[in-house]
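Visitor: Below are the sequence and a predicted model; questions follow.
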Amino acid sequence: MDGVKNSDDGQISILLIGMMSVSLLLILGVIGATSMQLSRIQLLDAADAAALDAADSIAEATVYEGGVGDGLQLTSDGVVAAASENLAQRVRPGRVASWNVAGGTGTPDGRTAVVVVQGQAAIPVISQALDVFGNSITITVQSSARSDVN
């Protein structure tokens with residue numbers, strides 16, 4: 001059998017390459033999913049802080065005319081301005097390439113501040129691959145806050 005070559009010789013290397021490829025894809029998938037979740041949490045933290053800041057903003061004209069009453073009166077423009085200012089003052093996390101206050105930010109009832117933050121996530125390896133195709137990973141989060149007077 002020393003001089004006879006078996007037709008199965010060398011087939012294990014193809015199997016190893018396939019298994020390594022599948023393993024690498026699984027590892028990159030877990031890294032990407034974890035990184036996206038962490039980016040989402042960081043964006044949600046920023047949206048929470050911006051909503052709290054916006055809930056404390058007041059419509060000065062309304063307060064001067066009618067007083068505070070049982071809660072601060074908010075305007076959608078005031079909520080957008082306060083949320084934008086809050087985001088501008090915050091240090092953007094390294095996992096987030098960019099962020100901004102998105103549409104839907106405002107006040108539905110004049111008492112609750114709703115802030116929508118949209119950001120571009122920087123995912124290791126995956127972001128570079130998507131940049132080649134001109135795409136990116138966008139994450140949108142929403143937070144709301146209400147400031148009542150006791």
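Guide: Nice, I can see it. As the structure is a computational prediction, the values presented were derived from the model and not from experiment.

Visitor: going forward, measure contacts and count neighbours with C-alpha atoms only.
Guide: Fine.

Visitor: Ile139 contacts Arg40, doesn't it?
Guide: Yes - Ile139 lies in contact with Arg40 (CA atoms under 8 Å); the separation is 6.5 Å.

Visitor: For the chain, which element, helix or strand, carries the lowest mean pLDDT?
Guide: helix 60-66 (a mean of 65; mean pLDDT, DSSP states H and E).

Visitor: Buried residues, the helix or strand that comes right after that one. List them.
Guide: Counting by DSSP states H and E, the next helix or strand C-terminal to helix 60-66 is helix 76-89. Neighbour counts using 16 or more other CA atoms under 10 Å place Ser76, Gly78, Val79, Val80, Ala81, Ala82, Ala83, Ser84, Asn86, Leu87 of helix 76-89 among the buried residues.

Visitor: And stretch 135-143, by the same measure?
Guide: Buried residues in stretch 135-143 (16+ other CA under 10 Å): Ser136, Thr138, Ile139, Thr140, Val141, Gln142, Ser143.

Visitor: Among those, which pair sits farthest apart?
Guide: Ser136 and Ser143 (23.0 Å; CA to CA).
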